[in-house]
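Colleague: 3D, please:
(2 chains)
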There are 2 protein chains.
Amino acid sequence: MSGGLLYLGGGTALQQACGFEDSAEEMFKYLIASCGDSPDEAKMRLYCEHSVSHYDWIVAQGVPFKEVFYYGCSGEPPNEDGLVWSGSERSHPFCDLAVPAPRGHVPAMKHQAGPLLMQKLCAAVDASPARVAANHRCVALVQQPDGHVVGAIAESFGERRALRAKRGVILTTGGFINNDQMIAAHQPLVRKCVFRVGAEGDDGSGIRLGIGAGAATLHMDAASISLPATQPWGLKAGILVNAQGQRFINEDAYYGRLGEWSLFHQGGRAWLVVDDEVFEKPEYPREIAAVADTLPELERELGLPGGTLEATVGVYNRHAEKAEDPLFHKNRDYLKPLSNPPFAAFDCTSESSLYAAFTLGGLSTDVDGRVLDPEGRPIEGLFAAGRATSGLSVGSYSSGLSLGDGTFFGRLAGRCAAA
Amino acid sequence: MSGGLLYLGGGTALQQACGFEDSAEEMFKYLIASCGDSPDEAKMRLYCEHSVSHYDWIVAQGVPFKEVFYYGCSGEPPNEDGLVWSGSERSHPFCDLAVPAPRGHVPAMKHQAGPLLMQKLCAAVDASPARVAANHRCVALVQQPDGHVVGAIAESFGERRALRAKRGVILTTGGFINNDQMIAAHQPLVRKCVFRVGAEGDDGSGIRLGIGAGAATLHMDAASISLPATQPWGLKAGILVNAQGQRFINEDAYYGRLGEWSLFHQGGRAWLVVDDEVFEKPEYPREIAAVADTLPELERELGLPGGTLEATVGVYNRHAEKAEDPLFHKNRDYLKPLSNPPFAAFDCTSESSLYAAFTLGGLSTDVDGRVLDPEGRPIEGLFAAGRATSGLSVGSYSSGLSLGDGTFFGRLAGRCAAA
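Modeller: The predicted structure follows:
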């Protein structure tokens, strides 16, 4: 399923080869501002400081990156690879808070770079002394009376095996997007999203095992919601309106931010309004909800309250003529009055549009992957990494943070457990 | 601290005495629609079905209620008592989903009915065989290797006591509004609220003890945020606008709903705009952010983007003239064009206004107060009630649900533990 994109920066070899300057500090400034309301600062700082060497390590595992910068798309480049923009770095408010740099690193493989990344990392494991037991499902942790985790019970084809952990157990089972009960309890609005980004194993099992052992969880309500409404980028010159015909975000924000704002603040009620000049064929097929020669007509066709869309476009155009957007500060590259009929509205509602969702919350861990209890004390012998934990992003997602987070803090957890 | 208000209904003796019809079914319809995106249906149904007898039980403990219906204020009546509206029953969308009835039951005591309620309930405990150990702080639960909770460790004046629980431990320690670390982790936006509704003990200790014992939590991100911007009710004829000069809610909604929408969806940026006809002295003192003879002037004074407030009022007035509000469906009682200068804006931002906050999430429990693990299985011997649990309301709060919830499910937990 994965596109293989890693969010890395601070001046990686790929960034340099593509002619971009970046620093750990600017990367940190962007991430701390953009990853939700209460990100883990310690994790973020460490991640930024060691991002360059983490990239080198990934390359050293045999993962190839073509030295190409691919402009004009968000997230995974279609049939391409190399370096891409994969966040909201260049849009308000982040462009004023940190020097923007593209940080989406995509391994060199057409179509799906994720399988290649996994293949290379799995090959590195095969070449190590580590033993892999596939087809084993962990059904319980074994805890000493003092709470120390000393092993796990695994099921394989109906048989149970008790596995003693000499140094520790590391839970790396992913998030819980495919656990309907957990989604209903923690992420009710996500039920509106048809497309759930995750493998079968994203059933929250690791999170639940950790909770059973006394772990605290963080941000179980946080999700990444991608709404690729503005692909190709020319569509950013349109305006996203809600059920009241109001704008609610700068349309040039990354699609991981557009989706969250649309779902969590507008209940998944959104339309992208364009004029004839902005109109072009969208990359992700979507229905055209209405076409009309005038805005009042378009408004009626969409079922919006009388006068709302007209008022919204009136205010928008008044400022766009001066290449300004005092409401949401969209970049001037995408600011021009919407005044060339016919007008059209793309359906961006959660019922009819792609809202790609996965969960961001999970076990509370420290930078070394130690799973923490509600007092912030490590549960001895228990570690976790990746989407089974609450990681770098707890909102307003930039693509590549999950693979980045999982590989980086997975390595640290492994090191700490082995020590 | 408590105002003593209990959210009860279904046709209580007080409702009947005041001439209101109600049924468990209508009460259920309102609560299930209004209490957040994923309320606990089983708890809600039981609560509604036994609300009348719970009221009788409260009265039987010696808590007096004056048979008076007090109209014209939200939540706790000033220097009054009896029956009040304490939710959004009569506002959109709830008025169309359930037959409205006032369900705020306030014990008969001037100023603060909460202490009276506690005094009566404590007296009932004193008259029972129960022993009370005050000045004891529970610092740990005692669990058998199989997870069964068999006691607690309590500290009193520096000494530790181990208490064996013959039948069970019930955690009733309240929420976590006064735990800064938990608020930062789970409720970052609540840090903007100056007024935190809670006693010193609302430090999340019971929730943390439960997590340590392997309990699951629910809705740790949910909070009740009261913004009494529309008191007296005449102010509901004003409009609440955000930093983009846009309306975002029907202003006649209950203040527990206004606060949540303002804080969680508008980041605490809100102003109540009125004209000279609507203007009156607010009950909760608040600053007047701007006064002006024209809307463009008011807009400028507030620092809103040019044309936004004018456009918003234009659309609002156009419909208000017909006593309609197709955007947010405010009740026609509060719909009239804002057209009599001077215009004024009350400051309803979180920096300058009263946002009264407390937490709603906590331990996952069943209807009998049994604390549940992440698989939904009870942790033997462990119970919880009140704000230490995730209760009836997980959003869009109606006043009186905390005392209602706490007393009702507290009784059930006690019964279940004793059995």
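Colleague: measure A:A237 to chain B for me?
Modeller: Distance, A:A237 to chain B, using C-beta to the nearest C-beta, to the nearest Å: 19 Å. All C-beta atoms are positioned from the backbone trio N, CA, C, and that covers glycine.
Colleague: same question for A:G11.
Modeller: Look at A:G11 and chain B: by C-beta to the nearest C-beta, they are 30 Å apart.
Colleague: which one is that residue nearest to, not counting chain neighbours?
Modeller: Spatial nearest neighbour of A:G11, excluding adjacent residues (C-beta to C-beta, 6 or more residues apart in numbering or on different chains): A:D22 at 4.8 Å.
Colleague: same check, this time on A:Y254
Modeller: A:S88 (4.1 Å).
Colleague: list the residues that contact that neighbour.
Modeller: Neighbouring residues of A:S88 by C-beta atoms under 8 Å, 6 or more residues apart in numbering or on different chains: A:34, A:94, A:253-254, A:256-257, A:396, A:398.
Colleague: hmm, 10 Å instead?
Modeller: A:30, A:33-34, A:74, A:94-95, A:100, A:250, A:252-258, A:396-398 (C-beta atoms under 10 Å, 6 or more residues apart in numbering or on different chains).
Colleague: how about A:L8?
Modeller: Going by C-beta under 10 Å, 6+ apart, A:L8 touches A:14-15, A:22, A:27, A:47-48, A:50-52, A:54-56, A:58, A:83, A:103-105, A:400-401, A:403-404, A:407-408.
Colleague: one step back: which ones among the contacts of A:S88 map onto helices?
Modeller: Per DSSP state H, helices hold the following members of those: A:30, A:33-34, A:255-258.
Colleague: could I get those residues as JSON lines with distance to chain B, pLDDT and neighbour count?
Modeller: Shown next, in JSON lines, are those (distance: C-beta to the nearest C-beta, whole Å; pLDDT from 0 to 100; neighbours: other C-beta atoms under 10 Å in any protein chain shown):
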{"residue": "A:Y30", "distance to chain B": "18", "pLDDT": "98", "neighbour count": "25"}
{"residue": "A:A33", "distance to chain B": "13", "pLDDT": "97", "neighbour count": "16"}
{"residue": "A:S34", "distance to chain B": "14", "pLDDT": "97", "neighbour count": "26"}
{"residue": "A:Y255", "distance to chain B": "20", "pLDDT": "94", "neighbour count": "24"}
{"residue": "A:G256", "distance to chain B": "19", "pLDDT": "94", "neighbour count": "26"}
{"residue": "A:R257", "distance to chain B": "15", "pLDDT": "96", "neighbour count": "25"}
{"residue": "A:L258", "distance to chain B": "16", "pLDDT": "97", "neighbour count": "29"}
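Colleague: and which of those residues is nearest B:G158?
Modeller: Lowest distance from B:G158 to the ones in helices among the contacts of A:S88 (C-beta to C-beta) belongs to A:A33, with 45.3 Å.
Colleague: list the contacts of the single nearest residue of the stretch 51-200 of chain A relative to chain B.
Modeller: Nearest to chain B, among the residues of the stretch 51-200 of chain A, is A:P188, at 3.7 Å (C-beta to the nearest C-beta). Contact analysis of A:P188 by C-beta under 10 Å, 6+ apart lists A:221, B:36-39, B:219, B:394-395.
Colleague: ok, 8 Å please
Modeller: The neighbours of A:P188, taking C-beta under 8 Å, 6+ apart as the test, are B:37-38.
Colleague: could you do the one 5 residues further on as well?
Modeller: With contacts taken as C-beta under 8 Å, 6+ apart, A:C193 has the following neighbours: A:225, A:263, A:268, A:350, A:355-357.
Colleague: determine which two of those are furthest apart.
Modeller: A:G268 and A:A356 (12.9 Å).
Colleague: more neighbours, those two?
Modeller: Neighbour count, other C-beta atoms under 10 Å in any protein chain shown: between A:G268 and A:A356, A:G268 has more, with 23 against 19.
Colleague: hmm, A:Y355 and that one touching each other?
Modeller: Yes - the criterion here is C-beta atoms under 8 Å, and A:G268 meets it with A:Y355 at 6.8 Å.
Colleague: so what's in contact with the two at the same time?
Modeller: Taking C-beta under 8 Å, 6+ apart as the criterion, A:G268 and A:Y355 both touch A:192-193, A:262.
Colleague: mind listing which of those residues are in helices?
Modeller: If you go by DSSP H, the shared contacts of A:G268 and A:Y355 have nothing in helices.
Colleague: export those as TSV, with columns for pLDDT and distance to B:N317.
Modeller: Listed next are these as TSV, based on pLDDT from 0 to 100; distance: C-beta to C-beta, whole Å:
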residue	pLDDT	distance to B:N317
A:K192	96	34
A:C193	96	37
A:S262	98	29
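Colleague: show me which of the residues you listed is closest to A:P64.
Modeller: Comparing the shared contacts of A:G268 and A:Y355 against A:P64 with C-beta to C-beta places A:C193 closest, at 33.4 Å.
Colleague: what's the neighbour count on the residue nearest to A:L121 when sequence neighbours are not counted?
Modeller: Distances taken as C-beta to C-beta, 6+ apart put A:Q61 closest to A:L121, at 5.9 Å, once the chain neighbours are dropped. Neighbours of A:Q61 under the rule other C-beta under 10 Å: 15.
Colleague: repeat that for the one 10 residues further on.
Modeller: The number of residues packed around A:Y71, counting by other C-beta under 10 Å, is 10.
Colleague: which residues touch it?
Modeller: Applying C-beta under 8 Å, 6+ apart, the residues contacting A:Y71 are A:W85.
Colleague: quick check: A:A357 touching A:V190?
Modeller: Yes - look at A:A357 against A:V190 with C-beta under 8 Å: they come within range, at 5.0 Å.
Colleague: these two: who's more crowded?
Modeller: Of the pair A:A357 and A:V190, A:A357 is the one with more neighbours under other C-beta under 10 Å, namely 25 against 22.
Colleague: if I look at that one, how far off is A:E380?
Modeller: Separation of A:A357 from A:E380 (C-beta to C-beta, to the nearest Å) stands at 35 Å.
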